[in-house]
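# Take a look and give me a structure for this.
(2 chains)
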Amino acid sequence: MLDIKFIKENKDLVALAAKKKRINFNVEDLIAVEADRVAIGQQVEELRSKQNKASEDIMGATPELKEQIIRTMTDLKSELKNKEEKLSETMKKWRELMLQVPNIPDMSVPEGNSDEDNVEIRKWGDVKEFDFTPKDHIEIMELANMVDFERGTKTAGFRGYFLKNDAALLEMAVWQYAMDRWSKKGFTPMLVPSLVRKEALVGTGYLPQGEEDLYSDGNEYFAGTGEVSTMYYHSDEVLDNLDNPLKYIVWSPCFRKEAGSHGKDVKGLVRVHEFYKVEQVVLCRASHEESVRLHEEITRNSEEMMEELGLPYHTVINCTGDLGQGQVKKYDIEVWMPSQNKYRETHSASYFHDYQARRLNIRYRDNDGKMKFAHSLNNTAAATPRLITAIIENYQNSDGTVTIPEVLVPYMQGKTVMGKNGQK
RNA sequence: GGAGGCGUGGCCGAGUGGUUUAAGGCACCUGUCUUGAAAACAGACGUGCGGCAACGUACCGUGAGUUCGAAUCUCACCGCCUCCGCCA
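Numbering: from 1, shown residues only, chains lettered A, B, ... in the order given. Okay, here's the model as predicted:
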């Protein structure tokens, strides 16, 4: 959500933002409703003013005068009721439109239609050359009984899976490693709800637009990311001070219908309906510079983790068409997937300015004594099982085993190689 | 599941139908004093909307209602607390 004053004064900027983001939103509709809101609001206020005046007069009036005032008030009351109904209709439209206003992308964001127009800004690690024909993660994992897709779909339907043996341990090792790693950087570790109220999704900007990608009974929803409940955690709060940003490292199950992606990644663990994610969530002062600094910081945090894991990656800046409604700027980190011979997204780092905080009513008192809406950011730390497919494919050996990245060995009961213990 | 109580500004808290422009306190902000800070004192001090302004208007968990007039009365919903029951 943006400030209506800002929208009125910068409607061209908002219209351009919608165009750049390929979002169907007509700012003129909102401007028209806003004009109605102000005009009808003034009429209502005028009537109320009269009513208040009459109320005051009535107190000291003689019985006859009282009668007379009450008679004139009857007409005024029905007129007021009429206008109030009009106002509430207008407000409803106004709120609906306000929830659709796109945030303004940063100047540094390249223009484009889709992820194909994203621009590489960094690259790390050499793409591994195998002296044998590398397998994909499905083959490696099935060979050692680390995954069961057949029973997975039997149980959970399309994209269902069971992780078994060393893969089950590896997945938990990654979570533990990530939670430890970020805790040491001063992030507060949290386990958060995945089952959330609708308001939490509206507040973070996943609704009303993203309904088709969410599991729900229309009342409670399964969140697609831990960001949702972590942000809602502070809703309607006034934070003590934000001289030091609030930083959370959050683990949660994530649920996505992946509507519109039915044809993509139909096999394997790259795209599933139910996965787990360690996520960085940050709240900071209402300062663009602070947001930018922290955005770079949380991006680097994850890049450095990929380097520790020895996974070749590149980082792209997402083009305008690939930005969400509320995002100002976004970087994706993409890992090299040998079986697909391309980079695949593992992390997504974005900042929102006060877009989410406005919707969630998260404020703080700034050093000048004024109430302000906070800024918010988030980035993936480790999303599994997608991340472990990358580990498995990049670290595979010719005999079908997988070498465990050094940093994960302590979390794998000291094991250095996996894939031998499974039994069919 | 049963019974009772409660929901007021950043926080605490008064207020049970009509100067409430929401008392009072704390915090925040600005001054004075100080090398600096603290303390003390003084001042300012909720938020939204309209208006150049004076000012007007709304907001007391949410929504509806009663009334000339609602923070205050009624109903519904949401949330919290206490006790009992149930489970562990």
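
# Close to RNA strand B: what parts of the stretch 151-300 of chain A are there?
A:Val238 (Cβ under 7 Å from any atom of the strand). For glycine as for every other residue, the C-beta is placed from the backbone atoms N, C-alpha and C.

# need the longest helix for chain A.
Secondary structure of chain A per DSSP state H: the longest helix is helix A:63-98.

# Would you mind checking the average pLDDT for it?
Helix A:63-98 carries an average pLDDT of 84.

# Tell me the strands beside the helix or strand that that helix is followed by, with direction?
Counting by DSSP states H and E, the next helix or strand C-terminal to helix A:63-98 is strand A:119-124. Its sheet considered, strand A:119-124 pairs with strand A:313-317 (antiparallel) by DSSP bridges.

# Off-centre distance for the partner strand?
Offset of strand A:313-317 from its chain centre (Cα atoms, centre = their mean, to the nearest Å): 19 Å.

# Ok, stretch A:274-293 next?
The answer for stretch A:274-293 is 10 Å, by Cα atoms, centre = their mean.

# What confidence value was assigned to the residue in the stretch 201-350 of chain A that RNA strand B sits nearest to?
Here the residue of the stretch 201-350 of chain A nearest RNA strand B is A:Val238; by Cβ to the nearest atom of the strand that distance is 3.7 Å. Note on A:Val238: pLDDT of 85.

# one step back: how much distance is there from the longest helix of chain A to the middle of the chain?
The answer for helix A:63-98 is 41 Å, by Cα atoms, centre = their mean.

# which stretches of the stretch 151-300 of chain A form strands?
Counting by DSSP state E, counting those that start in this stretch, the segments of the stretch 151-300 of chain A that form strands are A:162-163, A:188-191, A:195-197, A:215-216, A:220-222, A:238-239, A:246-255, A:274-284.

# Can you tell me which helices and strands the longest helix of chain A packs against?
Judged by 3 or more Cβ pairs under 8 Å, 6 or more residues apart in numbering; DSSP states H and E, helix A:63-98 is in contact with helix A:27-59.

# For the helix it packs on, name the packing helices and strands.
helix A:4-9, helix A:11-20, helix A:63-98.

# right, and those helices - which one's nearest RNA strand B?
Here helix A:63-98 is closest among the helices and strands packed on helix A:27-59 (Cβ to the nearest atom of the strand), at 4.2 Å.

# in the closest one, what counts as buried?
A:73, A:80, A:83, A:87, A:90, A:93-94, A:97-98 (16 or more other Cβ atoms under 10 Å).

# can I get the residues you listed in JSON lines with distance to A:Asp115?
Formatted as JSON lines, the buried residues of helix A:63-98 follow (distance: Cβ to Cβ, whole Å):
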{"residue": "A:Met73", "distance to A:Asp115": "63"}
{"residue": "A:Leu80", "distance to A:Asp115": "53"}
{"residue": "A:Lys83", "distance to A:Asp115": "49"}
{"residue": "A:Leu87", "distance to A:Asp115": "43"}
{"residue": "A:Thr90", "distance to A:Asp115": "39"}
{"residue": "A:Lys93", "distance to A:Asp115": "34"}
{"residue": "A:Trp94", "distance to A:Asp115": "34"}
{"residue": "A:Leu97", "distance to A:Asp115": "28"}
{"residue": "A:Met98", "distance to A:Asp115": "28"}
